[in-house]
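[1] sequence and predicted structure are below.
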Amino acid sequence: MSTLANHSFAKMNGIGNEIVVVDLRDSAATITPDEARAVASPAGVPYDQLMVLHAPRVQGTSAFIRIYNNDGSEAAACGNGMRCVARRVFEETGKNALTFETRAGLLNCWQGPSPDLYTVDMGVPKFGWQDIPLAEEFRDTRYIELQIGPIDAPILHSPSVVSMGNPHAIFWVEDIHAYDLERFGPLLENHPIFPDRANITLAHIVDRDHIVMRTWERGAGLTKACGSAACATAVAAARLKRTGRTVHMTLPGGELTIEWRAQDDHVLMTGPAAFEFEGRFDPALFASVTAGRPV
Ligand SMILES: N[C@H](CCC[C@H](N)C(=O)O)C(=O)O
């Protein structure tokens, strides 16, 4: 039987990015893709990302976090999900600053400038074509040769690419609503130039301090917000010298502030984390899936 049967969870969201948080720090089990997909099923607790806390592996961290998209794939970064995890563990411990480990590295989280805001240090962005990763060499990743639509009149073209521990492609447009992202998103997400797939963002630079954007997420589809994409987009715009290093981001689900810190190139993301409800997973959800095995 699955470790998750009858296990408690918290349903949260990060400006509309649907998050489920599960605490497995007292268990040796890991979650299989089948179990992650079962949780996301209509009979379960539909989410964009599942954030699973495991026992800390590194001195000074509160947990090792595994991140699952609702298609069952694992991701190394989830900004909105990390704010939700930070809120949960701050409330559990009474602390207001903690460090977590993800596959992208150690992430410091702290209470933001007001009680309803949380800041996550998302680490240093990577720009090398092999770090994104891309399937072939591109020396300048501020714009890569990728387009969709007729060769002589592409609909979308020349995206910037950035890794925040997960791959992002950002297309710069005048009107983010003028494109059928539900149609183009999966084509671009699964384009062969992205051997690990990619998160696809449409972004409009309003001025040097403000960007509006929306994202087709790798492994989750169209979401109301993507925190790591907001980080990637703000950094990509600053690289193009079209904004400063602190940018206000407007996403369909709400607002984030991103600072690409000058002294160490770390990307700080600040925004809310909403709690919705707690529950326990119905064992029937996992009747036909393979259970995670102790590592
Ligand atoms: N779909 C992303 C993971 C979640 C990112 C997003 N929800 C965020 O807040 O950063 C990926 O597979 O890289």
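    It's in. Residues are numbered from 1 along each chain as shown.
[2] use CA for all of it now, contacts and neighbours both
    OK.
[3] which parts of the longest helix along the chain are buried?
    Looking across the chain with DSSP state H, the single longest helix is helix 79-93. Within helix 79-93, the residues scored as buried using 16 or more other C-alpha atoms under 10 Å are Gly79, Asn80, Gly81, Met82, Arg83, Cys84, Val85, Ala86, Arg87, Arg88, Val89, Phe90.
[4] tell me the contacts of the residue of the stretch 51-200 of the chain found nearest the ligand?
    Of all residues in the stretch 51-200 of the chain, Cys78 sits closest to the ligand, at 3.3 Å by C-alpha to the nearest ligand atom. Applying C-alpha atoms under 8 Å, 6 or more residues apart in numbering to Cys78 gives the contacts Gln49, Ile67, Cys226, Gly227, Ser228.
[5] and if we set it to 7 Å?
    Shown in contact with Cys78 (C-alpha atoms under 7 Å, 6 or more residues apart in numbering): Gly227, Ser228.
[6] got it, and the one 5 residues further on?
    For Arg83, the contacting residues are Tyr118, Val120, Ala273, by C-alpha under 7 Å, 6+ apart.
[7] how about Cys109, phi and psi?
    Main-chain torsions, Cys109, degrees, to the nearest 10: phi -130, psi 140.
[8] what lines up beside the helix or strand bottoming out on mean pLDDT in the chain in the sheet?
    Using mean pLDDT, DSSP states H and E, the weakest-scoring helix or strand in the chain turns out to be strand 147-148, at a mean of 94. Strand 147-148 has the following sheet partners, assigned by DSSP bridges: strand 156-157 (antiparallel).
[9] buried residues, the helix or strand Ile200 falls within. List them.
    Assessed by DSSP states H and E, Ile200 sits inside strand 199-207. Of all the residues in strand 199-207, those buried under the rule 16+ other C-alpha under 10 Å are Asn199, Ile200, Thr201, Leu202, Ala203, His204, Ile205.
[10] just list what it packs against, helices and strands only.
    Strand 199-207 makes packing contacts with strand 167-172, helix 181-189, strand 210-217 when contacts are defined by 3 or more C-alpha pairs under 7 Å, 6 or more residues apart in numbering; DSSP states H and E.
[11] sweet, I'm off.
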